[in-house]
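Enquirer: Here is a sequence together with a model predicted from it:
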Amino acid sequence: LPVSRRARREQTGLLERAPLAGLEARNISAWFGDHQVLDRVSLDMPAGVITSLIGPSGCGKSTFLRILNRMHELVPSASLAGEVLIEGTDIYDPARKLVDARKSIGMVFQKPNPFPAMSIYDNVVAGLKLTGTKVGRDERDQLVESCLIKAGLWNEVRDRLRSPGGGLSGGQQQRLCIARSLAVTPQVLLMDEPCSALDPTSTRVIEETMLELVNDVTIVIVTHNMQQAQRVSTQCAFFLASQGQPGGIVEHGDTEAMFGDPIDSRTYDYVNGVF
Ligand code: ADP
Ligand code: MG
């Protein structure tokens, strides 16, 4: 790198990795209107680890994930109680800006959602504008390259950075969304069923990407794919909502133990596909 560029890069620290951070949810309860969907859920999501949230549809996994980066409050009828700590600081502290929570805790959704008409390059840096992060032109090029490398997409798109994001395959679009999340150097990446809309090959590529990424960023993933949970995650939490009750965590722990020797019979049934 030319000296001047390196100096600037060190100045802004933008291309440096953010320090690893863990997340802790404490007594999270959530409502839509007067319908309670989560009841006092606590979970420690340690730094540098992939945590999988598993459980049947409708038990509150997505709601829980959205609470972890303050997206729940975007729903007008939604309310919540409890705390979400990132390295000990509550993201719901009124003194903390919403944009700071969003910058440090990125999110990737089930359906890849790049801006389809926007170029691949502009998609990667789109989050910078939204979060008001200023980056010089040279640095932006560097950032785009490093994020696309981290997302495992660089080699496939380096010659067509100016083509629209919507022209990529589904799996590539999902990796573009991962690159876009990484551009604001998050400390945590939340992924809500990131492979559910993808074919097995793309799924494998994304899993490999996650396993690389987790050295830099803490990952929390919702998945219905039990093999995937076992392949990628260090720990799992099993969510369940029984008979009209709000959802909660039945059991959590090391992935191997959850699948090999679960404590609760409901966990056993779920991970073994017994209905
Ligand atoms: P999961 O991701 O585990 O399938 P969700 O978190 O999406 O579960 O949903 C949990 C419960 O909250 C469900 O009963 C669902 O119908 C309800 N819910 C989710 N989103 C909304 C919303 N925007 N408005 C009202 N109810 C919602
Ligand atoms: Mg969901």
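Expert: Okay, I see it. Ligands and ions are numbered 1, 2, ... in the order given.
Enquirer: drop to CA atoms for contacts and neighbour counts, all remaining ones
Expert: OK.
Enquirer: Check A7 and give its pLDDT.
Expert: Turning to A7, the model gives it a pLDDT of 47.
Enquirer: actually R102, not the one I wrote
Expert: Taken from the predicted model, the pLDDT recorded for R102 is 86.
Enquirer: Is it within a helix or a strand, and which one?
Expert: Following DSSP states H and E, the helix or strand that holds R102 is helix 98-104.
Enquirer: element containing V205, please.
Expert: Mapping V205 onto the secondary structure by DSSP H and E places it in helix 200-213.
Enquirer: model confidence over whichever helix or strand comes after that helix, on average?
Expert: Tracing the chain C-terminally past helix 200-213 and defining elements by DSSP H and E, one meets strand 218-222 next. Here strand 218-222 scores 98 as its mean pLDDT.
Enquirer: Which strands and helices lie in contact with strand 218-222?
Expert: For strand 218-222, the packing partners by 3 or more C-alpha pairs under 8 Å, 6 or more residues apart in numbering; DSSP states H and E come out as strand 50-54, strand 188-192.
Enquirer: can I get those in a markdown table with mean pLDDT?
Expert: Compiled in a markdown table, the helices and strands packed on strand 218-222 are given as follows (pLDDT from 0 to 100):
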| stretch | mean pLDDT |
| --- | --- |
| strand 50-54 | 98 |
| strand 188-192 | 97 |
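Enquirer: want to try TSV for those strands, with distance to P246 and mean neighbour count as columns?
Expert: Compiled in TSV, the helices and strands packed on strand 218-222 are given as follows (distance: least, C-alpha to C-alpha, whole Å; neighbours: other C-alpha atoms under 10 Å):
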stretch	distance to P246	mean neighbour count
strand 50-54	16	27
strand 188-192	20	25
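Enquirer: In TSV: the ones you listed, plus distance to ligand 1.
Expert: Supplementary listing: the helices and strands packed on strand 218-222 in TSV, determined by distance: least, C-alpha to the nearest ligand atom, whole Å:
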stretch	distance to ligand 1
strand 50-54	8
strand 188-192	8
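Enquirer: Now tabulate those strands in a markdown table and tack on distance to R266.
Expert: A markdown table is the format used below for the helices and strands packed on strand 218-222 (distance: least, C-alpha to C-alpha, whole Å):
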| stretch | distance to R266 |
| --- | --- |
| strand 50-54 | 12 |
| strand 188-192 | 23 |
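Enquirer: Those strands: which one's closest to G248?
Expert: Shortest separation from G248 across those is recorded for strand 50-54, at 11.2 Å, computed as C-alpha to C-alpha.
Enquirer: can you list contacts of the closest one?
Expert: Defining contact as C-alpha atoms under 8 Å, 6 or more residues apart in numbering, one finds that strand 50-54 is touched by 45, 61, 214, 218-224, 229, 232-239.
Enquirer: what subset of those residues is also close to ligand 1?
Expert: Residues shared between the contacts of strand 50-54 and the neighbourhood of ligand 1 are K61 [C-alpha under 6 Å from any ligand atom].
Enquirer: out of the contacts of strand 50-54, which are buried?
Expert: Among those, those that count as buried by neighbour count (16 or more other C-alpha atoms under 10 Å) are 45, 61, 214, 218-224, 229, 232-239.
Enquirer: Just the buried positions in the helix holding V205, please.
Expert: Residues S202, T203, V205, I206, E207, T209, M210, L211, L213 are the ones in helix 200-213 that count as buried (16+ other C-alpha under 10 Å).
Enquirer: counting contacts, what elements does it pack onto?
Expert: Using 3+ C-alpha pairs under 8 Å, 6+ apart as the contact criterion, the elements in contact with helix 200-213 are helix 137-150, helix 170-182, helix 226-232.
Enquirer: Out of those, which is the most enclosed?
Expert: Mean neighbours per residue, mean count of other C-alpha atoms under 10 Å, is largest over these for helix 170-182, with a mean of 26.
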